[in-house]
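> Have a look; sequence and predicted model below, questions after that.
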Amino acid sequence: MASTVVTTRHDQSETTRGWPTVAIVTISGFMLMLDLTVVNVALPRLQAAFSANFSDLQWVIDAYELTLAAFLLPAGSLADRLGRRRVFTVGFLLFAVASLACGLAGGILQLAVARAVEGIGGAVLFAVGPALIGQVVHGKARAAAFGVFGAGTGLAIATGPLIGGALTSGLGWRWIFLINVPIGVASAVLGRAWMRESQVARARRLDWAGLVTSVAGLTGIVFGLLRGGEQGWANPAILACLAGGAVLLVAFVCIQKVIKGGGTLDLALFRIPTFSGLSVIAVLLSAGALAAIFLLVLYVQDVLGLSPWLTGLRFLPMTGALFAMAVVGGVLTAKVPHWLLLAASAFLTAAGLALFGPLVHVDSTWTALLPCTVLLGAGLGLFNPVRAYLAIGVTDPSRAGIASGTSETFQQAGMALGIAAVGAVFQARVISTFTASTAGHALGAAASPVAVQIAAGNLGVARGIPSHAVAVAARSAFFHGLQVSTNVCAVLCAAVLIAVFSIRRRDLHPSAIDAIPGVLPESQSELEPRLPRGTR
């Protein structure tokens, strides 16, 4: 008994010392997610500053998401081999330097390239951060630690429009990137001083073939989705990008199966039903929810005509709901079956998006959006801490880096693909609706170029044409495209409900089960969804 008490006290002391690590990792998660959502409200200013089209604006978001998704897996492997604290510190510094380049960019291409480099630094932080928490916080405190981390990332998603609006309206859009520089450098220095180093003695080697095929495959698919609306889906170059991307991703999986010593992707993780289901959930929910936020921000600014700052204020209800539910989700992670939390998250998110059609009309004010954005924020907030906890909870702590990186890869890939795919649906619908309108017929051959500008949020081009009917048709086309797109996003989020049946408590590693208080029954048979015999 005495030895048990000593061990417990040691664990508690170690956990207490681990909270500075939780703080640093939470700051990194906040910055990374903030840099995704903070850019949304600045898109119209970027469009005006660089004469950008809709695809250019998508690339500002997707260049970051693409490299973030592509480099998460190798970042996790590299951290396990070279040392998590060391790699995490380098990632923070790279993120800060790339943010400086974004702030100084002189064109949309330079900005997109700098955003891609920023995504690489972000991949390192996202892949290694949860593993750093898992190695220093144990027992029941681990659920609380991931609750804090989830609240931090949730707060960034929620407050991004407000912070971005304040910076864009005040200091200028460049400061949404420049503000990362001092924070990133300071956090890297503090992390180097406060965090404990750890590495895996027999970590897998870096898989260059897997890295190249995965990055090239994702890039090909995203590029094809982004350009397909403008160049035509039957265009040979677009078809080649989509087909080539798919072939490269298949080649990536094949490489992972045959490579000696383990590749970038640990395929053994997908033999765990909970991990496989969580990956599907992360892709679908991220694709639907983040693509919707991207378009809703454009709607509030470009259709309703609000400034970046006022747009951020209109999204404050979503901010509050997201942050509150992230805190609640962190607490409930230790008390409620995880499948139930994920199902609730999917239901809230899908319900919020499905309400857009019935509640919001072409002449509605911003208040009509409130039920949609509040439910959307609540669903996202509930999802973040559960996903972070389960991602490393299903495997041995020594594999936490690769498990965390894999889970984050699916989430970020879902965001990138969702913004590209749903954006393509939106753009195609706006163009077809406007060109088919009476005003579009009156413009003749000029209708299509005008429609492309409208889809990019530049409704001013329609107002500049001497016809009130053209401006009305432009607003109607933008709204109709948004209505169809939110329905698509709602379907993606609702599809998550199919995957929650794979989430099982018995898949958790003993180190993660220690974090769940005894309020959960030993067997969750009475809590888990009922399935036919033999399906588990």
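Received, thanks.

> What is the burial count for His441?
Using other C-beta atoms under 10 Å, the number of residues around His441 comes to 11. (Each C-beta comes from the backbone N, C-alpha and C, glycine too.)

> To which secondary structure element is it assigned?
Element membership of His441, judged by DSSP states H and E, is helix 438-443.

> Which residues are in contact with Phe434?
By C-beta atoms under 8 Å, 6 or more residues apart in numbering, the contact list for Phe434 reads Gly440, Ala447, Val450, Ala451, Ile454, Ala473, Ala474, Ala477.

> mind giving me TSV with these and columns for secondary structure and distance to Val39?
Below are the contacts of Phe434 laid out as TSV (DSSP: H, G, I helix; E, B strand; the rest coil; distance: C-beta to C-beta, whole Å):
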residue	secondary structure	distance to Val39
Gly440	helix	31
Ala447	helix	30
Val450	helix	26
Ala451	helix	24
Ile454	helix	21
Ala473	helix	29
Ala474	helix	24
Ala477	helix	24
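
> For the helix holding His441, give me every contacting residue.
With C-beta under 8 Å, 6+ apart as the test, helix 438-443 has contacts from Phe434, Thr435, Ala447, Val450, Ala451, Ile465, Ser467, Ala469, Val470, Val472, Ala473, Ala474.

> From those, which shows the smallest pLDDT?
Within these, Ile465 has the lowest pLDDT, namely 64.

> how would you label Ala23: helix, strand or coil?
At Ala23 the chain is in helix, as set by DSSP: H, G, I helix; E, B strand; the rest coil.

> Check the gap between it and Trp194 for me.
Noted for Ala23: a distance of 8 Å to Trp194, by C-beta to C-beta, to the nearest Å.

> what do you get for Arg84?
In terms of C-beta to C-beta, Arg84 sits 13 Å off from Trp194.

> If you count surrounding residues, which of those two has more?
Neighbour count, other C-beta under 10 Å: between Arg84 and Trp194, Arg84 has more, with 26 against 15.

> so which of the contacts of helix 438-443 is the most crowded?
Going by other C-beta under 10 Å, Ala474 tops these with 30 neighbours.

> Do I have it right that that one meets Ala455?
No. Using C-beta atoms under 8 Å, Ala474 is not in contact with Ala455, being 9.8 Å away.

> surely Ala455 meets His480?
No. With contacts counted by C-beta under 8 Å, Ala455 stays clear of His480, the gap being 11.3 Å.

> quick one: common contacting residues for the two?
Contacts common to Ala455 and His480, judged by C-beta under 8 Å, 6+ apart, are Val430.

> Can you pull the poorly scored residue ranges out of the stretch 51-200 of the chain?
Counting by pLDDT under 70, the ranges of the stretch 51-200 of the chain that qualify are 136-143, 147, 150-151, 153-155, 157-158, 196-200.

> switch to 80 and redo it
51-58, 61-62, 65-66, 68-85, 126-162, 164-165, 187-188, 190-200 (pLDDT under 80).

> List the buried residues for stretch 43-55?
Residues of stretch 43-55 classed as buried: Leu43, Pro44, Arg45, Leu46, Gln47, Ala49, Phe50, Ala52, Asn53, Phe54, Ser55 (neighbour count, 16 or more other C-beta atoms under 10 Å).

> Serialize those residues to CSV and add fields for distance to Leu322 and secondary structure.
As requested, those are arranged in CSV below (distance: C-beta to C-beta, whole Å; DSSP: H, G, I helix; E, B strand; the rest coil):
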residue, distance to Leu322, secondary structure
Leu43, 20, helix
Pro44, 23, helix
Arg45, 24, helix
Leu46, 24, helix
Gln47, 26, helix
Ala49, 29, helix
Phe50, 30, helix
Ala52, 28, coil
Asn53, 31, coil
Phe54, 27, helix
Ser55, 29, helix
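
> tell me the two of those that are most distant?
Across the buried residues of stretch 43-55, no pair lies farther apart than Arg45 and Ser55, at 17.5 Å, counting by C-beta to C-beta.

> check contacts around the residue lying closest to Arg174 once chain neighbours are set aside.
In this structure, Arg174 finds its nearest non-sequential neighbour in Gly103, 4.4 Å apart by C-beta to C-beta, 6 or more residues apart in numbering. Going by C-beta under 8 Å, 6+ apart, Gly103 touches Arg174, Trp175, Phe177, Leu178, Val181.

> In helices only, show me those residues.
Within the contacts of Gly103, residues falling in helices by DSSP state H are Trp175, Phe177, Leu178, Val181.

> for the stretch 1-150 of the chain, what spans make up the strands?
With strands called from DSSP state E, counting those that start in this stretch, the stretch 1-150 of the chain shows none.

> which stretches of it form helices?
2-37, 43-50, 54-70, 72-82, 84-103, 108-136, 141-169 (DSSP state H, counting those that start in this stretch).

> Show me which positions of the fourth one end up buried.
Spelled out, it's helix 72-82. Buried residues in helix 72-82 (16+ other C-beta under 10 Å): Leu72, Leu73, Pro74, Ala75, Gly76, Ser77, Leu78, Ala79, Asp80, Arg81.

> what's the angle from it to helix 108-136?
50 degrees (axes from the mean of the first three to the mean of the last three C-alpha atoms, to 10 degrees).

> which outside residues touch stretch 57-68?
32, 35-36, 39-40, 43, 46-47, 52, 108, 111-113, 115-120, 122-123, 126, 215, 218-219, 222, 226, 294, 408, 412-413, 415-416, 419-420, 423, 456-457.

> Out of the contacts of Phe434, which comes closest to Pro358?
Ala477 (20.1 Å).

> I'd assumed Ala378 was in contact with Ala289.
No. Ala289 is not in contact with Ala378 according to C-beta under 8 Å; the separation is 11.1 Å.

> These two: which has the busier surroundings?
Using other C-beta under 10 Å, the more surrounded residue of Ala289 and Ala378 is Ala289, with 29 against 25.

> For that one, give me its contacts.
Ala289 touches Thr349, Leu353, Leu376, Gly379, Leu380, Cys489, Cys493, counting by C-beta under 8 Å, 6+ apart.

> Tell me the spacing between the second one and Ala439.
According to C-beta to C-beta, Leu353 stands 29 Å off from Ala439.

> Then the fourth one?
If you measure Gly379 against Ala439 using C-beta to C-beta, the figure is 38 Å.

> okay, the two: which has more neighbours?
Shown here are Gly379 and Ala439; by other C-beta under 10 Å, Gly379 has more neighbours (27 against 22).

> what pLDDT does that one get?
Predicted confidence (pLDDT) for Gly379: 91.

> Just to check, it is in contact with Leu353?
No. Here Gly379 does not reach Leu353: they are 9.1 Å apart, not a contact under C-beta under 8 Å.

> returning to what we had before: more neighbours, Ala455 and His480?
Set Ala455 next to His480 and count neighbours by other C-beta under 10 Å: Ala455 wins out with 29 against 18.

> Do you know the pLDDT at the more buried one?
72.

> so what's it up against?
Contacts of Ala455 by C-beta under 8 Å, 6+ apart are Phe54, Gly229, Phe426, Gln427, Val430, Ile431, Phe478, Gly481.

> just curious, which of those residues is nearest to Ile163?
Phe54 (24.1 Å).

> okay but that closest one is in contact with Ile431, surely?
No. Applying C-beta under 8 Å as the test, Phe54 and Ile431 come out as separate, 9.7 Å apart.

> returning to what we had before: what's the closest of the contacts of Ala289 to Leu94?
Leu94 lies nearest to Leu380 out of the contacts of Ala289, by C-beta to C-beta, at 27.0 Å.

> wait, doesn't that closest one sit right on Ser345?
Yes. At 7.4 Å, Leu380 counts as touching Ser345 under the criterion of C-beta under 8 Å.

> list the buried ones in stretch 176-185?
Going by 16+ other C-beta under 10 Å, stretch 176-185 has these buried residues: Ile176, Phe177, Leu178, Ile179, Asn180, Val181, Ile183, Gly184.
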